[in-house]
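Peer 1: could you work out the structure for the sequence below:
(one chain, ligands or ions: 1)
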Amino acid sequence: MNGASPGARAGRTAALIGSIAQTAMFAHAAGAAVVSVHVVGASGMPAADTVLVFDPLDGEPPASRNSAIIDQVHKQFVPRVTVVRTGTSITFPNSDQIRHQVYSFSPAKKFTLKLYAGMPSEPVTFDTPGLVVLGCNIHDNMVAFVGVVDTPYFAKTPPSGIAELNLPAGRYRLRVWHPDLAAAVPPRQVEVQAAPLTLAVVVDLANSPASVAAWP
Ligand SMILES: [Cu+2]
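Peer 2: Residues are numbered from 1 along each chain as shown. So this is what the prediction gives:
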(Lines give C-alpha, C1' and ligand atoms only; values in the text may rest on other atoms or scores of the structure.)
Protein backbone atom coordinates (compact mmCIF):
# COMPACT_ATOMS: atom_id res chain seq x y z
CA MET A 1 0.00 0.00 0.00
CA ASN A 2 1.37 3.42 -0.83
CA GLY A 3 -0.91 5.16 1.67
CA ALA A 4 -2.72 7.35 -0.87
CA SER A 5 -6.46 7.58 -0.45
CA PRO A 6 -8.64 5.86 -3.06
CA GLY A 7 -9.78 9.32 -4.18
CA ALA A 8 -6.23 10.51 -4.79
CA ARG A 9 -5.37 7.31 -6.69
CA ALA A 10 -8.43 7.73 -8.88
CA GLY A 11 -7.43 11.34 -9.56
CA ARG A 12 -3.92 10.32 -10.58
CA THR A 13 -5.29 7.57 -12.78
CA ALA A 14 -7.65 10.00 -14.48
CA ALA A 15 -4.78 12.45 -15.04
CA LEU A 16 -2.64 9.67 -16.49
CA ILE A 17 -5.42 8.55 -18.86
CA GLY A 18 -5.93 12.17 -19.92
CA SER A 19 -2.24 12.53 -20.65
CA ILE A 20 -2.17 9.28 -22.67
CA ALA A 21 -5.20 10.43 -24.65
CA GLN A 22 -3.53 13.76 -25.39
CA THR A 23 -0.34 12.05 -26.46
CA ALA A 24 -2.27 9.72 -28.75
CA MET A 25 -4.14 12.65 -30.28
CA PHE A 26 -0.90 14.54 -30.81
CA ALA A 27 0.78 11.51 -32.37
CA HIS A 28 -2.19 11.05 -34.66
CA ALA A 29 -2.20 14.71 -35.74
CA ALA A 30 1.57 14.67 -36.30
CA GLY A 31 1.40 11.42 -38.21
CA ALA A 32 -0.95 12.44 -40.96
CA ALA A 33 -0.25 13.98 -44.32
CA VAL A 34 -2.01 15.42 -47.31
CA VAL A 35 -1.69 13.05 -50.24
CA SER A 36 -2.29 14.55 -53.70
CA VAL A 37 -2.99 12.12 -56.49
CA HIS A 38 -2.62 13.46 -60.03
CA VAL A 39 -4.40 11.28 -62.57
CA VAL A 40 -3.87 11.73 -66.31
CA GLY A 41 -4.87 9.73 -69.35
CA ALA A 42 -2.39 8.29 -71.83
CA SER A 43 -2.49 11.62 -73.73
CA GLY A 44 -1.53 13.53 -70.57
CA MET A 45 -4.97 15.12 -70.15
CA PRO A 46 -6.49 15.14 -66.64
CA ALA A 47 -8.69 12.09 -66.02
CA ALA A 48 -11.89 12.88 -64.13
CA ASP A 49 -14.10 10.25 -62.49
CA THR A 50 -11.16 8.08 -61.50
CA VAL A 51 -11.76 6.19 -58.25
CA LEU A 52 -8.82 6.05 -55.82
CA VAL A 53 -9.01 3.66 -52.88
CA PHE A 54 -6.43 3.52 -50.09
CA ASP A 55 -6.73 0.26 -48.13
CA PRO A 56 -4.78 0.59 -44.86
CA LEU A 57 -2.28 -2.23 -44.33
CA ASP A 58 -1.38 -1.36 -40.74
CA GLY A 59 -4.64 -1.98 -38.92
CA GLU A 60 -8.32 -1.32 -38.96
CA PRO A 61 -9.45 2.10 -40.19
CA PRO A 62 -11.83 4.09 -37.97
CA ALA A 63 -15.56 3.78 -38.44
CA SER A 64 -17.16 6.39 -40.67
CA ARG A 65 -20.59 7.12 -41.98
CA ASN A 66 -21.68 8.98 -45.07
CA SER A 67 -24.54 9.24 -47.50
CA ALA A 68 -24.77 9.91 -51.20
CA ILE A 69 -27.23 11.00 -53.86
CA ILE A 70 -27.42 9.79 -57.44
CA ASP A 71 -29.85 11.92 -59.43
CA GLN A 72 -31.49 11.24 -62.78
CA VAL A 73 -31.34 14.22 -65.10
CA HIS A 74 -32.13 14.24 -68.85
CA LYS A 75 -32.12 10.43 -68.88
CA GLN A 76 -28.65 10.24 -67.33
CA PHE A 77 -27.48 9.29 -63.88
CA VAL A 78 -25.70 12.17 -62.17
CA PRO A 79 -22.98 11.55 -61.17
CA ARG A 80 -21.87 8.70 -63.41
CA VAL A 81 -19.34 7.45 -60.85
CA THR A 82 -19.80 7.32 -57.08
CA VAL A 83 -17.58 5.79 -54.41
CA VAL A 84 -18.87 5.10 -50.91
CA ARG A 85 -17.91 3.20 -47.82
CA THR A 86 -19.56 -0.12 -47.03
CA GLY A 87 -22.83 0.52 -45.21
CA THR A 88 -23.61 3.80 -46.97
CA SER A 89 -27.18 4.59 -48.02
CA ILE A 90 -27.71 6.20 -51.42
CA THR A 91 -30.83 8.12 -52.39
CA PHE A 92 -31.98 8.06 -56.02
CA PRO A 93 -34.13 11.12 -56.74
CA ASN A 94 -35.59 11.47 -60.23
CA SER A 95 -35.40 15.05 -61.51
CA ASP A 96 -36.91 14.17 -64.91
CA GLN A 97 -40.56 14.60 -65.82
CA ILE A 98 -40.64 10.97 -66.93
CA ARG A 99 -40.43 7.88 -64.77
CA HIS A 100 -37.33 5.72 -64.34
CA GLN A 101 -36.78 2.28 -62.90
CA VAL A 102 -33.36 1.96 -61.28
CA TYR A 103 -31.90 -1.51 -60.86
CA SER A 104 -28.67 -3.45 -60.43
CA PHE A 105 -27.84 -7.07 -61.14
CA SER A 106 -24.35 -6.76 -59.64
CA PRO A 107 -23.46 -9.38 -57.00
CA ALA A 108 -22.41 -6.61 -54.56
CA LYS A 109 -25.97 -5.21 -54.60
CA LYS A 110 -28.97 -6.59 -56.44
CA PHE A 111 -32.04 -4.36 -56.23
CA THR A 112 -34.84 -2.82 -58.26
CA LEU A 113 -36.72 0.34 -57.36
CA LYS A 114 -40.33 0.54 -58.44
CA LEU A 115 -40.97 2.75 -61.46
CA TYR A 116 -41.14 6.24 -60.01
CA ALA A 117 -40.96 9.98 -60.47
CA GLY A 118 -39.72 12.43 -57.87
CA MET A 119 -38.24 11.02 -54.67
CA PRO A 120 -38.27 7.26 -53.98
CA SER A 121 -39.52 6.30 -50.53
CA GLU A 122 -36.37 4.55 -49.36
CA PRO A 123 -32.64 4.99 -49.88
CA VAL A 124 -30.65 1.89 -50.84
CA THR A 125 -27.93 0.64 -48.50
CA PHE A 126 -24.73 -0.66 -50.10
CA ASP A 127 -23.43 -3.20 -47.59
CA THR A 128 -21.04 -5.34 -49.64
CA PRO A 129 -17.71 -4.17 -51.08
CA GLY A 130 -17.36 -4.28 -54.85
CA LEU A 131 -18.62 -2.60 -58.00
CA VAL A 132 -22.34 -2.01 -58.48
CA VAL A 133 -23.47 -1.19 -62.02
CA LEU A 134 -26.74 0.72 -62.13
CA GLY A 135 -29.17 0.74 -65.02
CA CYS A 136 -32.70 1.86 -65.83
CA ASN A 137 -35.22 -0.69 -67.07
CA ILE A 138 -36.84 1.92 -69.32
CA HIS A 139 -33.76 3.61 -70.79
CA ASP A 140 -31.02 1.17 -71.77
CA ASN A 141 -28.39 3.87 -72.25
CA MET A 142 -28.62 5.00 -68.63
CA VAL A 143 -25.68 3.58 -66.70
CA ALA A 144 -23.83 4.55 -63.54
CA PHE A 145 -21.31 2.98 -61.21
CA VAL A 146 -21.01 2.71 -57.45
CA GLY A 147 -17.71 1.54 -56.00
CA VAL A 148 -18.26 0.21 -52.48
CA VAL A 149 -15.10 0.11 -50.37
CA ASP A 150 -14.17 -1.07 -46.87
CA THR A 151 -12.08 1.99 -46.03
CA PRO A 152 -12.80 5.66 -45.23
CA TYR A 153 -9.83 6.69 -47.40
CA PHE A 154 -11.09 7.10 -50.95
CA ALA A 155 -11.64 9.80 -53.55
CA LYS A 156 -12.94 10.42 -57.04
CA THR A 157 -11.01 12.79 -59.25
CA PRO A 158 -12.73 16.04 -60.29
CA PRO A 159 -12.22 17.49 -63.82
CA SER A 160 -8.72 18.64 -62.78
CA GLY A 161 -7.74 14.99 -62.34
CA ILE A 162 -6.28 15.89 -58.94
CA ALA A 163 -7.66 14.42 -55.72
CA GLU A 164 -6.40 15.28 -52.24
CA LEU A 165 -6.80 13.09 -49.19
CA ASN A 166 -5.73 13.51 -45.60
CA LEU A 167 -4.27 10.15 -44.59
CA PRO A 168 -2.89 8.97 -41.24
CA ALA A 169 0.72 7.80 -41.45
CA GLY A 170 1.11 4.19 -42.42
CA ARG A 171 1.20 1.83 -45.35
CA TYR A 172 -1.64 1.53 -47.82
CA ARG A 173 -2.57 -0.38 -50.93
CA LEU A 174 -3.71 2.06 -53.59
CA ARG A 175 -6.34 0.76 -56.00
CA VAL A 176 -7.29 2.76 -59.10
CA TRP A 177 -10.42 2.29 -61.18
CA HIS A 178 -12.25 4.09 -63.95
CA PRO A 179 -15.22 2.66 -65.87
CA ASP A 180 -13.46 3.24 -69.21
CA LEU A 181 -10.09 1.67 -68.33
CA ALA A 182 -8.61 -0.14 -71.35
CA ALA A 183 -5.99 -1.80 -69.14
CA ALA A 184 -6.17 -2.46 -65.43
CA VAL A 185 -3.97 -0.31 -63.19
CA PRO A 186 -1.98 -2.64 -60.92
CA PRO A 187 -2.48 -1.87 -57.21
CA ARG A 188 0.59 -0.34 -55.60
CA GLN A 189 1.84 0.09 -52.06
CA VAL A 190 2.11 3.62 -50.71
CA GLU A 191 3.77 4.70 -47.49
CA VAL A 192 2.45 7.89 -45.88
CA GLN A 193 4.69 9.72 -43.43
CA ALA A 194 4.37 13.17 -41.90
CA ALA A 195 5.28 15.09 -45.08
CA PRO A 196 2.89 15.88 -47.93
CA LEU A 197 3.01 13.31 -50.69
CA THR A 198 2.27 13.60 -54.40
CA LEU A 199 1.48 10.53 -56.47
CA ALA A 200 1.20 10.32 -60.25
CA VAL A 201 -1.21 7.86 -61.83
CA VAL A 202 -1.65 7.21 -65.56
CA VAL A 203 -4.85 5.60 -66.79
CA ASP A 204 -5.37 4.24 -70.29
CA LEU A 205 -8.99 5.07 -71.13
CA ALA A 206 -10.81 3.48 -74.06
CA ASN A 207 -13.13 5.53 -76.23
CA SER A 208 -15.72 2.78 -76.47
CA PRO A 209 -18.09 2.63 -73.51
CA ALA A 210 -19.27 -0.83 -74.60
CA SER A 211 -17.52 -2.67 -71.79
CA VAL A 212 -16.98 -1.84 -68.14
CA ALA A 213 -13.54 -2.19 -66.58
CA ALA A 214 -13.19 -4.89 -63.93
CA TRP A 215 -13.21 -3.72 -60.33
CA PRO A 216 -9.72 -4.02 -58.76
CU1 LIG B 1 -34.89 5.69 -67.17
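Peer 1: what residues does stretch 93-100 touch?
Peer 2: The contact list for stretch 93-100 (CB atoms under 8 Å, 6 or more residues apart in numbering) reads 69, 71-75, 115-120, 136, 138-139, 142. For the C-beta atoms, the positions are set from N, CA and C on the backbone; glycine is no exception.
Peer 1: of those - the most surrounded one?
Peer 2: Each of the contacts of stretch 93-100 was scored by neighbours using other CB atoms under 10 Å; the highest score is Gln72's, at 24 neighbours.
Peer 1: ok, that residue - contacts?
Peer 2: 78, 92-96, 100, 102, 136, 142.
Peer 1: now for the contacts of stretch 93-100, which pair is the farthest apart?
Peer 2: Longest distance between any two of the contacts of stretch 93-100 is 20.3 Å, between Ile69 and Ile138; criterion CB to CB.
Peer 1: so which of the contacts of Gln72 is the most crowded?
Peer 2: Neighbours here are counted as other CB under 10 Å. On that basis the top member of these is Val102, with 25 neighbours.
Peer 1: surely that residue touches Phe92?
Peer 2: Yes. Here Val102 lies in contact with Phe92, judged by CB atoms under 8 Å, at a distance of 5.2 Å.
Peer 1: common neighbours of the two, please.
Peer 2: Any residue near both Val102 and Phe92 by CB under 8 Å, 6+ apart counts here, and that gives 72, 113, 120.
Peer 1: can you put these in CSV and add secondary structure?
Peer 2: Conversion of those to CSV gives the following (DSSP: H, G, I helix; E, B strand; the rest coil):
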residue, secondary structure
Gln72, strand
Leu113, coil
Pro120, coil
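Peer 1: mind putting the residues you listed into CSV with pLDDT?
Peer 2: Listed next are the shared contacts of Val102 and Phe92 as CSV, based on pLDDT from 0 to 100:
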residue, pLDDT
Gln72, 96
Leu113, 94
Pro120, 79
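Peer 1: I'd like those residues written out as TSV, with distance to the ion added.
Peer 2: Listed next are the shared contacts of Val102 and Phe92 as TSV, based on distance: CB to the ion, whole Å:
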residue	distance to the ion
Gln72	7
Leu113	11
Pro120	13
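Peer 1: for the contacts of stretch 93-100, which one is nearest Ala155?
Peer 2: Of all these, Ile69 has the smallest distance to Ala155: 17.5 Å, by CB to CB.
Peer 1: follow-up on the earlier one: quick one: least confident of the contacts of stretch 93-100?
Peer 2: In terms of pLDDT, the weakest of the contacts of stretch 93-100 is Pro120, which scores 79.
Peer 1: any idea how far that residue lies from Ala108?
Peer 2: When distances are taken as CB to CB, to the nearest Å, Pro120 and Ala108 turn out to be 20 Å apart.
Peer 1: tell me how many other residues surround Pro187.
Peer 2: The local packing of Pro187 (other CB under 10 Å) involves 14 other residues.
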